[in-house]
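J.: sequence? don't have it. structure:
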């Protein structure tokens, strides 16, 4: 009689693995300005625990050492916790899977899916608009070796309605908390050209405030060879209530809304295009280039017009990889960010510049 694989004893080497992800170095911020800041800085410090009990059951825990460990009021998880989930595969070919716990949002974004220590600066979309790490349940089906579909149900925000507003200095106004402040992703992942071309496309619907439904489409595309990687992420988001708050702060300032009138704006649209290109010049030297173009608008607001806030994020880095089989790189680069506002806002544009030198390393501890 064949023993069910779920009760077979796991190999210790597969059951517990530990990685440490670090990026640190010297930063010269806003060089040439009246208020420069030069310092040593720990950009990223994350610990990953993961393992496979067998070919069906696995787990993953990842948390940030340089982030607040405070508890979130909606999902009861630490703010420093990225992942804490189990995944169970089932079906004749293990082609179905259920993932439960805190996990990455199933959004179409290779910028987000990328190892975080590789990204010297995130776009506004990943950094502010998305809820990246969510307590959720995900059902996945592998159609074949090249295609899979996923459905994920999650909490729209990590904090409750009132806490989310209070923590960010906003008032509820006429808005009421949704009885079911949740959302769903429907995602397709595909591979083409012998897995050189990859796609991750998602549709999202969610609710934060009662009777207000948000929707978004995210189309992530990546081309990868042994010497180069290119990704292009495109997204369009309609927030019936702007719980991302990037546009709301600008709109409230323009109209002089303070106190009880400092509320979240409605019918806000965020759009972005994010392009990154990595190229090995030799076996050890490579370049990393990235640019993002993002806009914020409010539907039916002719006074502000379309794209009243435009954000540009960009960096260029030279990287040295001394070991072929280790994820260690030394880098020198420039990181910039420009935020421009429509003239009607009479608001000063913002500019950020940084020179950075350092190293990052994914350390396989165990």
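T.: Alright, I've got the coordinates. Keep in mind that what you see is a predicted model, and the values were worked out from it rather than measured.

J.: I'd say residue 19 and residue 362 touch.
T.: Yes. Proximity of residue 19 to residue 362 meets the contact threshold set by CB atoms under 8 Å, at 5.9 Å. Placement of C-beta: from N, CA and C, glycine included.

J.: hey, which helix or strand in this structure has the poorest pLDDT?
T.: helix 12-15 (a mean of 76; mean pLDDT, DSSP states H and E).

J.: For the nearest residue to residue 146 once chain neighbours are set aside, give me its contacts.
T.: Once flanking residues are discounted, residue 146 sits nearest to residue 191: 4.2 Å by CB to CB, 6 or more residues apart in numbering. With contacts defined as CB atoms under 8 Å, 6 or more residues apart in numbering, residue 191 is in contact with 145-147, 197-199.

J.: could those be laid out in a markdown table, adding secondary structure?
T.: Shown next, in a markdown table, are the contacts of residue 191 (DSSP: H, G, I helix; E, B strand; the rest coil):
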| residue | secondary structure |
| --- | --- |
| 145 | coil |
| 146 | coil |
| 147 | strand |
| 197 | strand |
| 198 | strand |
| 199 | strand |
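
J.: Looking at these, which is nearest residue 57?
T.: The closest of these to residue 57 turns out to be residue 145 (CB to CB; 21.9 Å).

J.: Okay, that closest one and residue 178: tell me how far apart.
T.: Relative to residue 178, residue 145 is positioned 40 Å away (criterion: CB to CB, to the nearest Å).

J.: Compare neighbour counts for the two and give me the winner.
T.: residue 178 (18 against 8; other CB atoms under 10 Å).

J.: what's the nearest residue in space to the more buried one that is not next to it in sequence in contact with, if anything?
T.: Using CB to CB, 6+ apart and skipping residues adjacent in sequence, the residue nearest residue 178 is residue 207, 4.5 Å away. Residues near residue 207 by CB under 8 Å, 6+ apart: 156, 178, 180-183, 213-214.

J.: Same question for residue 20.
T.: Neighbours of residue 20 in contact, by CB under 8 Å, 6+ apart: 45-48, 362-363, 365.

J.: Cross these against strands and list the overlap.
T.: When DSSP state E is applied, the contacts of residue 20 are split such that 45-48, 362-363 fall in strands.

J.: Pull the number of nearby residues for the nearest residue to residue 20 once chain neighbours are set aside.
T.: Spatially, and ignoring its direct neighbours in sequence, residue 20 is nearest to residue 363 (4.3 Å; CB to CB, 6+ apart). Neighbourhood size, residue 363 [other CB under 10 Å]: 14.

J.: Now do the helices in the stretch 1-150 of the chain.
T.: Counting by DSSP state H, counting those that start in this stretch, the stretch 1-150 of the chain has helices at residues 12-15, 110-113, 124.

J.: okay, the ones you listed in TSV with distance to residue 245 and mean neighbour count next?
T.: TSV is the format used below for those (distance: least, CB to CB, whole Å; neighbours: other CB atoms under 10 Å):
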stretch	distance to residue 245	mean neighbour count
helix 12-15	42	12
helix 110-113	19	22
helix 124	11	22
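
J.: Adding distance to residue 323 as columns, could you present those in a markdown table?
T.: Output for the helices of the stretch 1-150 of the chain, formatted as a markdown table (distance: least, CB to CB, whole Å):
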| stretch | distance to residue 323 |
| --- | --- |
| helix 12-15 | 22 |
| helix 110-113 | 24 |
| helix 124 | 35 |
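
J.: quick one, phi psi at residue 35?
T.: The phi/psi pair for residue 35 (degrees, to the nearest 10) reads phi -130, psi 70.

J.: For it, give its distance to residue 353.
T.: Taken as CB to CB, the span from residue 35 to residue 353 is 12 Å.

J.: More neighbours: which of those two?
T.: Counting neighbours by other CB under 10 Å for residue 35 and for residue 353 shows that residue 353 has the greater number, 16 against 6.

J.: Surely the more buried one and residue 36 touch.
T.: No. Using CB under 8 Å, residue 353 makes no contact with residue 36, being 9.4 Å away.

J.: Name the residues contacting each of these two.
T.: Shared contacts of residue 353 and residue 36 (CB under 8 Å, 6+ apart): 29-30.

J.: For my notes, confirm residue 205 occurs in a strand.
T.: Yes. Looking at residue 205 with three-state DSSP, it is inside a strand.
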